[in-house]
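> build the 3D model from these lines:
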Amino acid sequence: MLKIKGIDISRAQEQFDFTAAVSAGVKFVIIRAGIRTDEDTYFRRNIEQCRKLGIDFGCYWYVTATDTAELDRQINACVKVIGDEKPSYPVFCDMEEQRQIDNLTSKERTDMALEFCDRLNKAGLPSGVYANPAWLESYYQKERIVGKRDIWLAHWTESPDYPSRYDYGQKMWQWGIDSIAGKDVDGDICFVDYPTITAKWYKENCGDKPEKPVNLFKKGDSVRVKRGARFTNGVEPYSYVYDTVYTVQQVSASGKETLIGIGSVPTGWLYTENLYKAESDEITQKFAVGDKVKVNYGAKTYNGGSLALFVYTNVYEVMQAGSGDREDYIVIGQGGQVTAAVKAKDLKKV
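I've put the predicted structure just below:
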């Protein structure tokens with residue numbers, strides 16, 4: 001029987017050492033994409049590390065819903081977070097909340113798990129159900145799942161050498177706690193060649209012509225953020241983000257997500273549709289004494305000194321525009337008092 005060594009991780013492992021995992025013989029990783037409607041903090045980082053080291057990966061979403069409206073929101077969030085990723089292992093539905101046991105019938109719980117799987121399939125993602133024997137025997141209608149959906153069985157024997165006594169035709173088995181580079185992590189065994197299976201599934205269900213990436217920007221481009229936009233994890237930016245010129249640091253394979261930052265320091269991922277190019281003439285615009293301006297976040301003084309954080313949130317008046325042959329030398333202040341001398345490219349008219 002085929003036995004492939006893997007692990008599953010979430011933000012609980014934080015800065016997990018994937019290189020150590022490869023050295024330990026790990027061939028696949030199941031990554032938590034999110035919980036409820038929230039993206040897992042380390043989801044993007046974990047996928048990036050898998051790609052960098054050539055590790056196959058799948059995902060799971062921790063579903064807490066107890067009604068159809070909340071389930072709909074959580075499934076939508078899962079689909080949005082995974083986006084155009086095409087994991088070589090399925091996306092699994094993980095339901096294990098006590099309130100789901102207390103407030104739902106076996107039929108309702110099963111309906112929800114199957115709805116999750118069906119919706120993921122329609123979104124172009126292979127799916128499965130994560131469950132322990134108690135859920136399969138007592139909380140799900142087993143006959144609607146076993147043999148009909150891919151099962152990732154959670155039954156801890158505390159060693160991959162001691163197989164589970166339960167046979168649900170599971171494709172994967174979570175056997176207990178493994179230790180990699182000093183960190184506890186769930187250990188898994190896969191009994192099938194998922195990369196081959198999912199490659200066939202994608203071809204049969206998603207067509208032979210994948211959507212062409214929409215690469216509106218490339219690394220190094222100067223961009224601004226559209227007002228009202230949020231980061232891809234749902235966090236609302238501080239107001240100064242909308243008034244700042246950023247540099248594109250990375251673009252996702254699909255082109256639909258873009259990582260922006262200042263210098264070499266990343267700020268966050270945004271959907272590409274929420275960015276627009278900062279034209280060169282916008283960055284080097286001319287100023288006159290009396291103009292009202294704001295300072296771009298992260299800017300420094302003309303000579304490279306640091307500015308206080310409050311400077312980026314205030315409106316200033318141009319008190320001097322140019323100095324000799326330095327046309328980009330701008331002095332700003334408030335109420336007749338000088339605040340700083342900065343470069344023209346670091347200002348925005350208001």
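> wait, what's in contact with the nearest residue to residue 183 once chain neighbours are set aside?
Nearest residue to residue 183, sequence neighbours excluded (Cβ to Cβ, 6 or more residues apart in numbering): residue 13, at 5.7 Å. Yep, even glycine has a C-beta here, placed from its N, CA and C like the rest. Applying Cβ atoms under 8 Å, 6 or more residues apart in numbering to residue 13 gives the contacts 42, 183, 185.
> sort these by pLDDT and name the bottom one.
Among these, residue 183 carries the lowest pLDDT, at 89.
> what's around that residue, how many residues?
Residue 183 has 16 neighbours, counted by other Cβ atoms under 10 Å.
> that one against residue 16, yeah?
Yes - Residue 183 is within contact range of residue 16, at 6.6 Å (criterion: Cβ atoms under 8 Å).
> tell me which helix or strand residue 184 sits in.
strand 183-190 (DSSP states H and E).
> contacting residues around that strand?
So strand 183-190 is contacted by 2-9, 13, 16-17, 28, 30, 89, 152, 160, 171-179 (Cβ under 8 Å, 6+ apart).
> kindly recompute the last result at 6 Å.
Strand 183-190 has contacts (Cβ atoms under 6 Å, 6 or more residues apart in numbering) with 3-4, 6-9, 13, 160, 172-178.
> dump the contacts of residue 13 into JSON lines; add distance to residue 320 as well.
Output for those, formatted as JSON lines (distance: Cβ to Cβ, whole Å):
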{"residue": "42", "distance to residue 320": "48"}
{"residue": "183", "distance to residue 320": "56"}
{"residue": "185", "distance to residue 320": "59"}
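> and of these, the nearest to residue 110?
residue 185 (29.6 Å; Cβ to Cβ).
> count the neighbours of the closest one for me.
So residue 185, with other Cβ under 10 Å, has 21 neighbours.
> quick one: secondary structure of the residue nearest to it when sequence neighbours are not counted?
Excluding its sequence neighbours, the residue lying closest to residue 185 (Cβ to Cβ, 6+ apart) is residue 7, at 4.9 Å. Here residue 7 is recorded as strand under DSSP: H, G, I helix; E, B strand; the rest coil.
> residues in contact with residue 7?
26, 29, 185, 187.
> strands of the stretch 201-350 of the chain, residue ranges please.
Under the criterion DSSP state E, counting those that start in this stretch, strands of the stretch 201-350 of the chain are mapped to 222-225, 246-251, 257-262, 265-271, 275-277, 292-295, 316-323, 326-334, 337-343, 347-349.
> nearest to residue 69, out of those?
Proximity to residue 69 (Cβ to Cβ) singles out strand 265-271 among these, at 24.6 Å.
> can you point out the buried residues in stretch 22-31?
26, 28, 29, 30, 31 (16 or more other Cβ atoms under 10 Å).
> quick revisit: for the contacts of residue 7, give me JSON lines that also has distance to residue 106.
What follows is the contacts of residue 7, written out as JSON lines (distance: Cβ to Cβ, whole Å):
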{"residue": "26", "distance to residue 106": "35"}
{"residue": "29", "distance to residue 106": "31"}
{"residue": "185", "distance to residue 106": "31"}
{"residue": "187", "distance to residue 106": "29"}
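> of the contacts of residue 13, which is the nearest to residue 220?
residue 42 (26.5 Å).
> where along the protein do the helices fall?
For the chain, the helices defined by DSSP state H cover 18-23, 43-53, 68-82, 98-103, 106-122, 133-134, 194-206, 280-283.
> got CSV for those helices, with distance to residue 340 and mean pLDDT too?
Converted to CSV, the helices of the chain look like this (distance: least, Cβ to Cβ, whole Å; pLDDT from 0 to 100):
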stretch, distance to residue 340, mean pLDDT
helix 18-23, 44, 95
helix 43-53, 36, 92
helix 68-82, 41, 96
helix 98-103, 55, 97
helix 106-122, 53, 97
helix 133-134, 64, 98
helix 194-206, 54, 94
helix 280-283, 19, 46
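> okay, those in JSON lines with distance to residue 298 next?
Shown next, in JSON lines, are the helices of the chain (distance: least, Cβ to Cβ, whole Å):
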{"stretch": "helix 18-23", "distance to residue 298": "31"}
{"stretch": "helix 43-53", "distance to residue 298": "22"}
{"stretch": "helix 68-82", "distance to residue 298": "28"}
{"stretch": "helix 98-103", "distance to residue 298": "44"}
{"stretch": "helix 106-122", "distance to residue 298": "39"}
{"stretch": "helix 133-134", "distance to residue 298": "52"}
{"stretch": "helix 194-206", "distance to residue 298": "41"}
{"stretch": "helix 280-283", "distance to residue 298": "14"}
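> quick one, which of these gets closest to residue 141.
Nearest to residue 141, of the helices of the chain and by Cβ to Cβ, is helix 106-122 at 4.4 Å.
> before we move on, back to that, joint contacts of residue 183 and residue 16?
By Cβ under 6 Å, 6+ apart, no residue touches both residue 183 and residue 16.
> kindly report the domain assignment for this protein.
Structural domains assigned to the chain are 4-206, 222-278, 284-349, following automatic domain parsing.
> who wins for proximity to residue 216 among the ones you listed?
domain 222-278 (5.4 Å).
> how far does that closest one stretch from one end to the other?
5 Å (Cα to Cα, to the nearest Å).
> stretch 78-96 too?
17 Å.
> ok, back up a step: in a markdown table, list the domains of the chain along with distance to residue 216.
Converted to a markdown table, the domains of the chain look like this (distance: least, Cβ to Cβ, whole Å):
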| stretch | distance to residue 216 |
| --- | --- |
| domain 4-206 | 15 |
| domain 222-278 | 5 |
| domain 284-349 | 22 |
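> alright, I will stop here.
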